[in-house]
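Trainee: Sequence first, predicted model second:
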Amino acid sequence: MTRQVKVLVLTGYGLNCDMETAHAFEMAGAAPERVHINSLIGGDERLEDYQILVFGGGFSWGDDHGAGVVQAVRIMTGLGDRIRRFIAEGNLVMGICNGFQTLVNTGLLPGFDGDYTRREVALLHNDCGNFRDQWVDLSVNQASPCIFTRGMDYLPLPVRHGEGKFYAAPEVIDRLENSGQVVLRYAGREGSPARGAFPLNPNGAVNDIAGICDPTGRVFGLMPHPEAFTHFTHHPDWTRLKAEGCVLQEKDLPGLNIFRNAVAFFKK
């Protein structure tokens, strides 16, 4: 009998997408558990009992001192060595929106040269000056080593953030590009380049970057919310699409397929 893939979805202190994220992993065939950050740090739950660790969306600690900053300090102070060992043992880590902000603040991304302690990139306030809650189109870098996006080339997903502008020094951007670590870019319809144009690029991200991975492809962070597109009716145009005869089946839902790819990695 095949053992189910166990997923630890962090919750607590302002995180508010844990239930949707756990549900998405359950739909993908995994066994998710929502675990409070204090239970993990305190030892009531063991990270070693899981194969996937997820930093989900929300407003951890009210985004005090910057989005994801307090959570990054809290998690790495209490669990830094264990998380780095978790990655070294071949497991997966995913950060969605606030979770992506946490991953870059911890240094778990971009993870150049296997160094998961050094902060190289940032997610800054949106260039438009306000919170963006909209759907975006994304192109997928098929040459990326990212486990989560295998077999994908385009996907629509919602964003909802005030600090989503991907930024780094030019030499860091070049390295991300050259190593294939840029996984997702904001785009036009069907994946045409956004070229920084608002609102296709909702936050002014450098090179339209919406998501990156580490060199192994096993640590992945993105600003859009894949857990928010796991049913056809989640899409804002679903009624029009249905009238036009276009109804996405569950197997074709791009948000759900991100979670399926993660689970499939351990079932092969």
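Mentor: Received the coordinates, thanks.
Trainee: any idea which helix or strand of this structure has the worst average confidence?
Mentor: helix 238-243 (a mean of 86; mean pLDDT, DSSP states H and E).
Trainee: what sits up against that helix?
Mentor: Phe232, His235, Val247, Leu248 (C-beta atoms under 8 Å, 6 or more residues apart in numbering). Quick note: C-beta positions are derived from backbone N, CA and C, even for glycine.
Trainee: So what's the residue count around the last one?
Mentor: Translated: Leu248. By the criterion of other C-beta atoms under 10 Å, Leu248 has 18 neighbours.
Trainee: okay but it is in contact with Phe232, surely?
Mentor: Yes: taking C-beta atoms under 8 Å as the definition, Leu248 is a contact partner of Phe232 at 4.7 Å.
Trainee: so Val140 touches Leu184, yeah?
Mentor: Yes: look at Val140 against Leu184 with C-beta under 8 Å: they come within range, at 6.1 Å.
Trainee: quick one, which of the two is more surrounded?
Mentor: Taking other C-beta under 10 Å, Val140 and Leu184 do not tie; Leu184 has more neighbours (28 against 24).
Trainee: Can you name the residues bridging to the spatially closest residue to Val104 that is not a sequence neighbour?
Mentor: Once flanking residues are discounted, Val104 sits nearest to Val121: 5.1 Å by C-beta to C-beta, 6 or more residues apart in numbering. Val121 forms beta bridges with Ala168, as assigned by DSSP bridges.
Trainee: Quickly list what's touching both of Val140 and Leu184.
Mentor: Thr149.
Trainee: need the strands for the stretch 101-250 of the chain, in chain order.
Mentor: For the stretch 101-250 of the chain, the strands defined by DSSP state E, counting those that start in this stretch cover 121-124, 132-140, 154-161, 165-168, 182-187, 209-213, 219-222.
Trainee: Of those, which is nearest Gly66?
Mentor: Among the strands of the stretch 101-250 of the chain, strand 121-124 comes nearest to Gly66, with 9.0 Å by C-beta to C-beta.
Trainee: Show me what counts as buried in that closest one.
Mentor: Buried residues in strand 121-124, counted by 16 or more other C-beta atoms under 10 Å: Val121, Leu123, Leu124.
Trainee: Relative to Trp61, which of these is nearest.
Mentor: Distance ranking of the buried residues of strand 121-124 against Trp61, using C-beta to C-beta, places Leu123 first at 15.7 Å.
Trainee: isn't the closest one right next to Lys165, touching?
Mentor: Yes: assessed by C-beta under 8 Å, Leu123 is found in contact with Lys165 at 6.5 Å.
Trainee: so what's Leu53 up against?
Mentor: Val7, Leu8, Leu10, Leu47, Ile83, Phe86, Asn91, Leu92, Val93, Met94.
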